[in-house]
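1. show me how the following folds:
(4 chains)
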Protein chains: 4
Amino acid sequence: MNDILKIADKTFSSRLFAGTGKFGDHQLMENALLASETELVTVALKRVEHTGQEEDTLLRHLAHAHIQLLPNTSGVRNATEAVFVAQLAREALETNWLKLEIHPDPKYLMPDPIETLAAAEQLVKLGFVVLPYCHADPVLCKRLEEVGVAAVMPLGAPIGSNKGLAMLDMLRIIIDQANVPVVIDAGIGAPSHAAQAMELGADAVLVNTAMATAGDPVQIAEAFKWAVRAGRQAFLAGLPGEQSVASATSPLTAFLD
Amino acid sequence: MNDILKIADKTFSSRLFAGTGKFGDHQLMENALLASETELVTVALKRVEHTGQEEDTLLRHLAHAHIQLLPNTSGVRNATEAVFVAQLAREALETNWLKLEIHPDPKYLMPDPIETLAAAEQLVKLGFVVLPYCHADPVLCKRLEEVGVAAVMPLGAPIGSNKGLAMLDMLRIIIDQANVPVVIDAGIGAPSHAAQAMELGADAVLVNTAMATAGDPVQIAEAFKWAVRAGRQAFLAGLPGEQSVASATSPLTAFLD
Amino acid sequence: MNDILKIADKTFSSRLFAGTGKFGDHQLMENALLASETELVTVALKRVEHTGQEEDTLLRHLAHAHIQLLPNTSGVRNATEAVFVAQLAREALETNWLKLEIHPDPKYLMPDPIETLAAAEQLVKLGFVVLPYCHADPVLCKRLEEVGVAAVMPLGAPIGSNKGLAMLDMLRIIIDQANVPVVIDAGIGAPSHAAQAMELGADAVLVNTAMATAGDPVQIAEAFKWAVRAGRQAFLAGLPGEQSVASATSPLTAFLD
Amino acid sequence: MNDILKIADKTFSSRLFAGTGKFGDHQLMENALLASETELVTVALKRVEHTGQEEDTLLRHLAHAHIQLLPNTSGVRNATEAVFVAQLAREALETNWLKLEIHPDPKYLMPDPIETLAAAEQLVKLGFVVLPYCHADPVLCKRLEEVGVAAVMPLGAPIGSNKGLAMLDMLRIIIDQANVPVVIDAGIGAPSHAAQAMELGADAVLVNTAMATAGDPVQIAEAFKWAVRAGRQAFLAGLPGEQSVASATSPLTAFLD
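-> Predicted coordinates:
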């Protein structure tokens, strides 16, 4: 199956994107990312900038030819900060790709729709390839698309909650309307959730907490790889839908008549 | 990973069991079953017995060394009929393995707990390896286990409904209590459902309608193969659970302070 | 609205049945039951028999002309014990009404389908008005009906779990097929769950844990009363169903054209 | 129970708000609204303005002392149109209360977060009491609160879908964070949904489609009245939560030991 995902000018064989937070150590992270076969990995600029030597190590563990880095703006609270951090990230990591995330509230970590749109518009003009993390808001996703983002990254459920596709009804609408790739981000807590997202027609999923905090991150990473492939293939092959009435798979005419 | 499923005296590398009903034609069925890498395939005796030449063809398409046949008693309405049909099946298919299913009602196709237990008890005494299809009833599953069944096959949702694990709360209890393998049967309508069943700790799943009636049964079969593997590996590797409060994967201390 | 529920030879204006366990004290229980306007209250024979003076008090708090007692067989493990206890209950409480419940397992408290059917058959022959508590098993409910029970009491979710209608798909089938009243028992943890059960077409609900363990049992009891009435009336009045596509309630033609 | 809802400078005894669209005729609407005992009723300005005599009739059916009119901006596509229509509504209906709704897309009718916030800010400055209809977006709700809206009206599910609280996880966060009343709008398709919203801690619900398109709108209206009361009282009285393990309501020590 030749099923390539294209975002901006890059192509991806894997539809599983990964995060780098919360892993026990860098080597474990690297092993998990390699097992996942991910080709797009998000990393907080703060982790690169602030802690010097330790973080050089982080980057060294991410230095694989098949892995595209996607710096994120985690920690910023508004559009102004986001644009500033994006520019630092572009210099530091030598990529104009950016995961834009603006969540002012430290408790629930929900993204801010207003600041996100404003920042996206500016960043696109500044030449960034912008992938905004956002609420599962169909109108916001359309507006982000209109200002030129390369993909939208609506959340499946609150970040870190592992609840799966709690926003199912909205994700359906977003996928139905989108003209850019839809990447389900946040909330994906199990391979079954990732498979469901792909069956729904999402273009990719981003997984972090469920992988990093699992008992065995490397094994889970491989499980996610298979699950994403399973869900994608099911979407392409055409799953039958739910039936409200039972339906026999074997003949039911009485045997002994 | 050396993760073998044992039922009675046989071992299985694949935890995906499959049905043979509803496929467009026998060749398509065979292709899908091979793509799924299933090693246990259920077939209604009625389809073998009643229609002579056509069904010889059915069996010929199932004649693969790695595939164990599991004749089922679909169409019977009570324990007496089930025992009779089981004996016919043993002769016709030369196996003492049996999927016991007794659903007297032609509309909803729900299994009869009383007749199923009575038949299971008799069939075990007659030397059968009995795998009963039953409601997701924890007490019934324990009683079936006590009369000596080789595995229990509780339903995930009404058969043919593709609704997935509608009986989730009961399946959890069944898995928690079981001393024989638990195979989730009926209702599994997508690879994500199969993955979820395995993540929950089921020992295997049986899929039929979702595979046979998909747009491309062969591709779906392969998707189910991956999904079952993903869910099983996630179960073994230890998934983190749901969190009620959001939790950041990236540092949230303000960037510009 | 003249909407009377009839079970066996008695009629009920209220479709909210209540349990008597877990209340802080008898007076609180009595106040809650009166606030609920329930007319059918279940009580464990064991509580009446074993503890003499204390339990006389229990009965005294239940002595209201509009309240019918429904002794239950809680604590029995099989049909033989159930029949024995039923007879004790008939003598002690001077009623042939009986809530039959047989749950051999002390952890999950799930009812035993085999023993329940066997006991129900015997008790009907012995002249009891039998209301069996059972799994949400459509075939079992039909078989109980066939041996002459006065109503069936399938569970909504594991007892005491407050999870609501976890067994929704099965309850739909049971209600569709039943020729006796269907009382949803166990799992109803909030007024909204009770309303949903009634909207689905249940004839009544039985509530205990959610009422007895609430912050203010009397207020909750009244809330359940309203919720049951709301759900029943909605069922009778014909609720519209779910829609897969949004639909405007106000005109959407552009305002300023 | 003296439980009064206050929004801006007005108090409400009823926490059930209602819409006026989709009813078969005006008299039926009036009867339903009276049966519901609602005290706040939303009406599209367009219906008042455009069709002269017919709509005078509409207003006449809403002319009850206990009913506060809440004109809405349905049909507008952006903030500029919303502000213009709001001013027309203020003149036409002689109230500065306004339900702000801006949904540019005619298929899914999802509200626009950017335009809604911009319009809310302007309208508050123009002296309106603004109740914005919005996505179940916790950050947007906070920002609306910060510009001075009198309440927020997040959706439970896509409008007209009757799906209930599909946005449950987000509604919880919104209610937890809000300093203004939270009115759940859109998606409420049954009394049980309304009860659930109130149990969750919502301050009120707005119902339209489920009432207007029911088999008997007057009876359903009364059912919603009871359900809202039930849910509110349960919230105040303190419902117990879900339990993951079953818990007996009756003594389980074996009867016959």
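2. contacts and neighbour counts: CA atoms only from here.
-> Noted.
3. where in the stretch 1-150 of chain A is pLDDT low?
-> A:1, A:48-56 (pLDDT under 70).
4. would you mind listing the residues in contact with the closest residue to chain C within it?
-> Chain C sits closest to residue A:138 of the stretch 1-150 of chain A, with a gap of 12.9 Å, by CA to the nearest CA. For residue A:138, the contacting residues are A:170, A:171, A:173, A:174, A:177, D:110, by CA atoms under 8 Å, 6 or more residues apart in numbering or on different chains.
5. now the fourth one: which helix or strand?
-> Spelled out, that is residue A:174. In this structure, residue A:174 sits in helix A:168-177 according to DSSP states H and E.
6. what's the helix or strand following that helix packed up against?
-> Beyond helix A:168-177 on the C-terminal side, the first helix or strand identified by DSSP H and E is strand A:183-185. If you count contacts as 3 or more CA pairs under 8 Å, 6 or more residues apart in numbering or on different chains; DSSP states H and E, strand A:183-185 packs onto strand A:153-154, strand A:204-207.
7. immediately after the longest one, which helix or strand?
-> Of the helices and strands lying after strand A:204-207 in sequence (DSSP H and E), the nearest is helix A:209-212.
8. that following helix vs chain B: in contact?
-> Yes - counting by CA under 8 Å from any CA of the partner chain, chain B is contacted by helix A:209-212 at A:209, A:210.
9. residue A:122 contacts residue A:83, doesn't it?
-> Yes - Residue A:122 is within contact range of residue A:83, at 7.5 Å (criterion: CA atoms under 8 Å).
10. the residue nearest to residue A:195 when sequence neighbours are not counted: neighbour count?
-> Leaving out its chain neighbours, the residue that sits closest to residue A:195 by CA to CA, 6 or more residues apart in numbering or on different chains is residue A:231, at 4.1 Å. Applying other CA atoms under 10 Å in any protein chain shown, we find 32 other residues in the vicinity of residue A:231.
11. and residue A:124, by the same measure?
-> Using other CA under 10 Å, residue A:124 has 16 neighbouring residues.
12. please apply the same query to the one 10 residues further on.
-> Applying the criterion other CA under 10 Å, we find 27 residues in the vicinity of residue A:134.
13. am I right that it is in contact with residue A:109?
-> No - assessed by CA under 8 Å, residue A:134 is found out of contact with residue A:109, at 10.8 Å.
14. the residue nearest to residue A:195 in helix, strand or coil?
-> Following DSSP: H, G, I helix; E, B strand; the rest coil, we place residue A:231 in the helix state.
15. what of residue A:84?
-> On the basis of three-state DSSP, residue A:84 is classed as helix.
16. ok, the one 3 residues further on next?
-> Remark: residue A:87 carries the secondary structure label helix [criterion: three-state DSSP].
17. mind checking how far it is from residue B:207?
-> Relative to residue B:207, residue A:87 is positioned 51 Å away (CA to CA, to the nearest Å).
18. now do residue A:149
-> Distance from residue A:149 to residue B:207, counting by CA to CA: 40 Å.
19. more neighbours: which of those two?
-> The neighbour comparison of residue A:149 against residue B:207 (other CA under 10 Å) goes to residue B:207, with 28 against 25.
20. what helices or strands is the helix holding residue A:174 leaning on?
-> Against helix A:168-177 (3+ CA pairs under 8 Å, 6+ apart) you get helix A:138-146.
21. can you pull out the strands in the stretch 1-150 of chain A?
-> A:5-7, A:10-12, A:16-19, A:40-44, A:68-72, A:97-100, A:129-134 (DSSP state E, counting those that start in this stretch).
22. okay, these in CSV with distance to chain B next?
-> Below are the strands of the stretch 1-150 of chain A laid out as CSV (distance: least, CA to the nearest CA, whole Å):
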stretch, distance to chain B
strand A:5-7, 18
strand A:10-12, 20
strand A:16-19, 8
strand A:40-44, 6
strand A:68-72, 9
strand A:97-100, 12
strand A:129-134, 13
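23. so who does whichever residue of the stretch 151-257 of chain A sits closest to chain D touch?
-> Among all residues of the stretch 151-257 of chain A, residue A:167 sits closest to chain D, at 6.6 Å; criterion: CA to the nearest CA. Shown in contact with residue A:167 (CA under 8 Å, 6+ apart): A:136, A:155, A:156, A:157, D:166, D:167.
24. got a list of what residue A:112 touches?
-> Per CA under 8 Å, 6+ apart, neighbours of residue A:112: A:102, A:103, A:104, A:134, D:139, D:140.
25. can you list those in CSV and add distance to residue A:22?
-> Output for these, formatted as CSV (distance: CA to CA, whole Å):
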residue, distance to residue A:22
A:102, 19
A:103, 18
A:104, 20
A:134, 21
D:139, 25
D:140, 28
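26. related to what we said a few turns ago, now the helices and strands packed on strand A:183-185 as TSV including mean pLDDT?
-> Putting those into TSV (pLDDT from 0 to 100) gives the following:
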stretch	mean pLDDT
strand A:153-154	98
strand A:204-207	97
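27. in TSV: those, plus distance to chain D.
-> Compiled in TSV, the helices and strands packed on strand A:183-185 are given as follows (distance: least, CA to the nearest CA, whole Å):
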stretch	distance to chain D
strand A:153-154	12
strand A:204-207	20
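28. and of the ones you listed, who's closest to chain B?
-> For those, the distance to chain B is smallest for strand A:204-207, at 10.2 Å, taking CA to the nearest CA.
29. ok, back up a step: of the strands of the stretch 1-150 of chain A, which is nearest residue A:226?
-> With CA to CA as the criterion, residue A:226 lies closest to strand A:16-19 of those, at 9.7 Å.
30. buried set for that closest one?
-> Across strand A:16-19, burial judged by 16 or more other CA atoms under 10 Å in any protein chain shown covers A:16, A:17, A:18, A:19.
31. check stretch A:235-242 too.
-> Buried, per 16+ other CA under 10 Å, within stretch A:235-242: A:235, A:236, A:237, A:238, A:239, A:240, A:242.
32. now that stretch: average pLDDT?
-> Confidence over stretch A:235-242 (mean pLDDT, whole number) is 85.
33. that one and chain C in contact?
-> No - residues of stretch A:235-242 are not located near chain C by CA under 8 Å from any CA, the shortest gap being 12.5 Å.
34. so of the buried residues of stretch A:235-242, which two are at opposite extremes in space?
-> Among the buried residues of stretch A:235-242, the pair separated by the greatest distance (CA to CA) is A:236 and A:242, at 17.3 Å.
35. before we move on, the earlier item: against residue A:198, how distant is the residue nearest to residue A:195?
-> Counting by CA to CA, the separation of residue A:231 from residue A:198 is 5 Å.
36. likewise for residue A:113?
-> Going from residue A:113 to residue A:198 by CA to CA gives 25 Å.
37. residue A:61: neighbouring residues, count only.
-> Using other CA under 10 Å as the criterion, residue A:61 is surrounded by 16 other residues.
38. list the contacts of it.
-> Contacts of residue A:61 by CA under 8 Å, 6+ apart are A:26, A:27, A:29, A:30.
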